[in-house]
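Student: I need the structure of the sequence given here:
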Amino acid sequence: MIREKKFTCSLAAIALGMVLGGCGFGGAGKANINQGMDAVEQQDYGLALTCFDNALKAGEDERLIYRGMGIAYMGQGRYEEAIGAFEHALRSSNGLVKNVDYDINYYMAMAEYKCGELDAALDTYNAVLDLNERSSDAHYLRGRIELLKNDREAALGDFDRAVELDRGDYDLYICIYQALDAAGMKSEGDGYLSRAMSENSRMTAYQSGMFSYYLGRYDEARNYFEEARKDGDTPELILYLGRSYEALGDTNYASNLYSAYTDEHQDSAAIYNELGLLSLKQKEYQKALNAFENGISLNDPAYDQSLRFNEAVAYEYLLDFKKAGVLMKEYIDRYPQDEEAQREYIFLSTR
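Tutor: Just a heads-up that it's a prediction; the model follows:
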């Protein structure tokens, strides 16, 4: 029922991570576009669309306008409209392939995936790779789609090519592991983790801890993470150190670890989400609710969906079914594709 966020390896997260850094477009004649992209980063998609409409009226760059519209539509869960906007953006090209065209194709493939159009998404990634066969990200993302289509041989081929092109990207190995694990191919996923550890002798203690964690070697992972703390705590380090203690059965220490971090640092939605999830398991429902609410206040796009869903669940555990129902309805308005949430809302509506 509750929602976790184990690692930022979803197709959406990868695509957003690759391109959100380029949301600001300098130069004259792009004022409305820049305002729209600022609104996208703040998840104010309605305002973003208004800015892009104004950009059209002002005669600004159509390719960037429709790119921005597509992203805003995706934020609202309007994936078919997003695809239309991205197609319009690509048609606005002057024929010279630029980085923004790769960018738009990545987004379009994500929207196609969200619509269940796996063949279309695959075709889009094929087109990206036809233009740039050495894109590690595109190989990984195409492999994810191939897994969903149960084409395991093709997926493994793309994953192999992805790591061949970027052997030093440790996160990539973990993302591949998670994809394979979710597809019932854990042994193959373990192979990628083991390969990374054997081929890369210069891993930091934190990186070694991450691989040990996903290989299920929790004692080893905890020890690596504790060693990494000598260089200072980060949200990611505390998150996985706590999870290692949880896996070893020391949930109280994990909870104290998360609480101590949030007492000093109120800037990590990931830690608030993890603290809330663990508090739910420990039946400390008010503590869980407080953690989810604090996390939501940070407006972190990577965790917003999980936190809002979990906030509604916390109210349900507190037996405040009316408030839980209101929040679940608001959640569905934001994330209309979530069928589990729709079933949960029906249940809450009967209480």
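Student: please count neighbours and contacts with C-alpha atoms only from this point.
Tutor: Fine.
Student: wait, what's in contact with Met68?
Tutor: Met isn't right for residue 68; it's Gly. Ile33, Gly36, Met37, Ala48, Phe52 (C-alpha atoms under 8 Å, 6 or more residues apart in numbering).
Student: let me see the mean pLDDT of the host helix or strand of the second one.
Tutor: It refers to Gly36. Per DSSP states H and E, Gly36 falls inside helix 31-41. Average pLDDT, helix 31-41: 93.
Student: before we move on, back to that, ok, so of the contacts of Gly68, who is nearest Tyr285?
Tutor: Ala48 (36.1 Å; C-alpha to C-alpha).
Student: and the closest one, how many neighbours?
Tutor: Residues near Ala48, counting by other C-alpha atoms under 10 Å, number 27.
Student: in three-state terms, label Pro336 for me.
Tutor: Three-state assignment for Pro336 (DSSP: H, G, I helix; E, B strand; the rest coil): coil.
Student: ok, it - how many residues close by?
Tutor: 15.
Student: quick one: low-confidence parts of the stretch 101-250 of the chain?
Tutor: In the predicted model, the stretch 101-250 of the chain carries pLDDT under 70 at residues 201.
Student: do that again at 90, thanks
Tutor: For the stretch 101-250 of the chain, applying pLDDT under 90 flags the ranges 101-103, 106, 110, 113-116, 127-128, 130-132, 167-170, 195-203.
Student: quick one: contacts for Met69?
Tutor: Neighbours of Met69 in contact, by C-alpha under 8 Å, 6+ apart: Ala48, Leu49, Phe52, Ala82, Ala85.
Student: need the contact list for the second one.
Tutor: This means Leu49. For Leu49, the contacting residues are Gly36, Met69, Ala72, by C-alpha under 8 Å, 6+ apart.
Student: what of Arg308?
Tutor: Phe292, Ile296, Leu327, Tyr331.
Student: what about those residues, which one has the most neighbours?
Tutor: Phe292 (29 neighbours).
Student: and the strands in the chain?
Tutor: Under the criterion DSSP state E, the chain carries no strands.
Student: what residues sit buried inside the lengthiest helix in it?
Tutor: Taking DSSP state H as the criterion, the chain has its longest helix at helix 99-114. By 16 or more other C-alpha atoms under 10 Å, the buried positions in helix 99-114 come out as 100-114.
Student: can you pick out the most distant pair from those residues?
Tutor: Greatest spacing in the buried residues of helix 99-114, by C-alpha to C-alpha: Val100 and Lys114 (21.1 Å).
Student: ok, Gln282 to Ser255 distance?
Tutor: Applying C-alpha to C-alpha, to the nearest Å, the value for Gln282 to Ser255 is 9 Å.
Student: ok, those two, which is more surrounded?
Tutor: The neighbour count for Gln282 versus Ser255, taken as other C-alpha under 10 Å, is higher for Ser255 (22 against 14).
Student: got a list of what the more buried one touches?
Tutor: By C-alpha under 8 Å, 6+ apart, the neighbours of Ser255 are Gly242, Leu275, Leu278, Ser279.
Student: please tell me how far it sits from Ile271.
Tutor: 10 Å.
Student: also Met328?
Tutor: Noted for Met328: a distance of 22 Å to Ile271, by C-alpha to C-alpha.
Student: quick one on the thing from earlier: how far off centre is the helix holding Gly36?
Tutor: Its chain's average C-alpha position is 21 Å from that of helix 31-41, according to C-alpha atoms, centre = their mean, to the nearest Å.
Student: same question, stretch 124-141
Tutor: Distance of stretch 124-141 from the chain centroid (C-alpha atoms, centre = their mean) equals 20 Å.
Student: outside of that stretch itself, list whatever touches it.
Tutor: For stretch 124-141, the external contacting residues (C-alpha under 8 Å, 6+ apart) are 11, 102, 105-106, 108-109, 142, 158-159, 161-163, 165-166, 176.
Student: can we see that at 7 Å?
Tutor: For stretch 124-141, contacts defined as C-alpha atoms under 7 Å, 6 or more residues apart in numbering pick out Leu11, Tyr102, Asn105, Ala109, Arg142, Asp158, Phe159, Arg161, Ala162, Leu165, Asp166.
Student: swap in stretch 277-284?
Tutor: Contacts for stretch 277-284 (C-alpha under 7 Å, 6+ apart): Ser255, Tyr285, Lys287, Ala288.
Student: tell me the buried residues in it?
Tutor: Going by neighbour count (16+ other C-alpha under 10 Å), the buried part of stretch 277-284 is Leu277, Leu278, Ser279, Leu280, Glu284.
Student: and what of stretch 284-299?
Tutor: So for stretch 284-299, counting by 16+ other C-alpha under 10 Å, buried means 284-296.
Student: looking at these, which is nearest Ser93?
Tutor: Closest to Ser93 out of the buried residues of stretch 284-299 is Ile296 (38.2 Å), distances taken as C-alpha to C-alpha.
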